[in-house]
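> Give me a 3D structure for the following:
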Amino acid sequence: MPRAHHPFTSRRTASVAYLGENRLIAKIRQWLGPASPPAPHGIGDDCAVVRRARGDTLVTVDPLVFGRHFDASVPGRAAGAKLLKRNASDIAAMGGRPSAAVVALALDAKTNVAWLADFYRGLAAAARSLDIAVVGGDVAQADGVFVATLTLLGETTARVLTRQGARRGDSIYVTGVLGNSLASRHHLNFTPRLAEGQWLAGRDEVRSMMDVSDGLAKDLAALTPPAAEAALQRDLLPLRRGATLAGALSDGEDYELVFTVARGADLAAFAAAWRRKFPRTRLTRIGEFVARRPRLARTEGIVNLAVHRGYEHFR
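Numbers count the residues shown, from 1 in each chain. The predicted model follows:
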């Protein structure tokens, strides 16, 4: 009898749930080996950077899963728009300009055609507003699920801003407000910070950047330089109406930009230039990177990031 090759297991220690998202990604890097180059040209940043003879191409991919990223309270139009905008936020996080998208669907045969039409109309409206062409895709049957996966291509602008580059003493900034994204419906109604990201890519004093999608506490860890930690001022964190401190750090789906500005930069001049360019987009300096030390979290007014996890798949 031929051996069964089944993708699922009943043993927890053999499952992806046992690894969690972060360790799973590390394993995938290991399994791919030299087939996947180091970030930003491979796994590890908001987008991958594909080298071309004339400029670089940004590539990102994100799914939208019914029951995970949206539920039956979300209209099809809002779900379609969210799929495109959450990918555009990754392009914004690297200072790029989105250009073209393809969409792959895995859906149950009982999927409501009227709902699916609304989904595509919402996707199309968001694409038109962001000047993105939807150029193709694929459809496959998958029993009991609705999964839409969008791959978005973009172009670099002034330069590519990655998660790497911050140093001790650098200031940490965030756009907009954070927390309470689900109850406020911000997770559906956000606008990707594309113009802001492109402007920041043109500023020499900005060293690194990413978008806040899994919660500031988790995402900020990806920006933190070696032997350093983030000293966030509790009273400076910009909270969305109804948000708590814990929510601002862990809720996720804020789709704001978090970035670092070099130590020694003229912060007043930087803030003034921002206000002139983006008078309606809030900008907040929330702290800085300092040398790692055992008692920082006990310092008056400093956020203890160790107790906030953010969102991690499979955990």
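> Any regions of the stretch 51-200 of the chain where pLDDT drops low?
Applying pLDDT under 70 to the stretch 51-200 of the chain picks out residues 51-54.
> Helices of that one, residue ranges please.
Under the criterion DSSP state H, counting those that start in this stretch, helices of the stretch 51-200 of the chain are mapped to 76-92, 113-129, 186-189, 194-201.
> Please identify the most buried of these.
Ranked by mean neighbour count under mean count of other CB atoms under 10 Å, the helices of the stretch 51-200 of the chain are led by helix 76-92, which reaches a mean of 25. No exception for glycine: its C-beta is placed from N, CA and C like everyone else's.
> what sits against residue 239?
By CB atoms under 8 Å, 6 or more residues apart in numbering, the contact set of residue 239 is 177, 178, 179, 180, 245, 247, 248.
> can you tell me which two in those are farthest apart?
177 and 245 (12.6 Å; CB to CB).
> quick one, domains of the chain?
44-155, 171-307 (automatic domain parsing).
> export those to TSV and tack on distance to residue 26?
As requested, the domains of the chain are exported to TSV (distance: least, CB to CB, whole Å):
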stretch	distance to residue 26
domain 44-155	10
domain 171-307	13
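> More neighbours: which of residue 177 and residue 245?
residue 177 (20 against 16; other CB atoms under 10 Å).
> Run through the bridge partners of residue 100.
For residue 100, the beta-bridge partners are residue 133, residue 153 (DSSP bridges).
> For it, give its distance to residue 128.
Going from residue 100 to residue 128 by CB to CB, to the nearest Å gives 13 Å.
> Pick the one among the contacts of residue 239 closest to residue 108.
Once CB to CB is applied, the member of those that ends up nearest residue 108 is residue 180, at 32.0 Å.
> so what's the closest one up against?
186, 239, 240, 241, 242, 243, 244, 247, 251.
> Now list the buried members of those.
186, 240, 243, 247, 251 (16 or more other CB atoms under 10 Å).
> Next one: the nearest residue to the first one once chain neighbours are set aside relative to residue 263, how far apart?
The one in question is residue 186. Sequence neighbours aside, residue 240 is the residue nearest to residue 186 in space, at 6.6 Å (criterion: CB to CB, 6 or more residues apart in numbering). Residue 240 sits at a distance of 29 Å from residue 263 (criterion: CB to CB).
> Could you do residue 101 as well?
For residue 101, the distance to residue 263 - CB to CB - is 38 Å.
> Between these two, tell me which one has more neighbours.
residue 101 (25 against 15).
> my guess is that one contacts residue 150, does it?
Yes: counting by CB atoms under 8 Å, residue 101 does reach residue 150; the two are 5.5 Å apart.
> between the two, what contacts are shared?
84, 87.
> Isn't residue 278 up against residue 196?
Yes: using CB under 8 Å, residue 278 is in contact with residue 196, at 6.0 Å.
> and residue 193, what does it touch?
Shown in contact with residue 193 (CB under 8 Å, 6+ apart): 89, 92, 175, 176, 211, 255, 256, 257, 281.
> Could you rerun that using 6 Å?
92, 175, 257 (CB atoms under 6 Å, 6 or more residues apart in numbering).
> where does the residue nearest to residue 77 when sequence neighbours are not counted sit relative to residue 116, distance-wise?
Of all residues beyond its chain neighbours, the one nearest residue 77 is residue 122 (3.2 Å), with distances taken as CB to CB, 6+ apart. Going from residue 122 to residue 116 by CB to CB gives 11 Å.
> what does residue 303 give?
43 Å.
> cool, residue 233 as well?
46 Å.
> go on, residue 16?
Using CB to CB, we find residue 16 at a distance of 29 Å from residue 116.
> Residue 234 too?
Applying CB to CB to residue 234 and residue 116 gives a distance of 45 Å.
> now swap in residue 95 and tell me
With distances taken as CB to CB, residue 95 is found 34 Å from residue 116.
> count of neighbours near residue 74?
With other CB under 10 Å as criterion, residue 74 counts 16.
> separation between it and residue 234?
Noted for residue 74: a distance of 33 Å to residue 234, by CB to CB.
> How about residue 186?
Computed as CB to CB, the residue 186 to residue 234 distance reads 22 Å.
> same deal with residue 248?
10 Å.
> Which one's more surrounded, those two?
Shown here are residue 248 and residue 234; by other CB under 10 Å, residue 248 has more neighbours (26 against 13).
> any idea which helix or strand carries that one?
Assigned by DSSP states H and E, residue 248 belongs to helix 245-250.
> Report all helices and strands that the helix or strand just after that helix contacts.
Note on helix 245-250: by DSSP H and E, the next helix or strand toward the C-terminus is strand 256-261. With contacts taken as 3 or more CB pairs under 6 Å, 6 or more residues apart in numbering; DSSP states H and E, strand 256-261 sits against strand 171-175, strand 206-212.
> List the buried residues for the first one?
Judged by neighbour count using 16+ other CB under 10 Å, the buried positions of strand 171-175 are 171, 172, 173, 174, 175.
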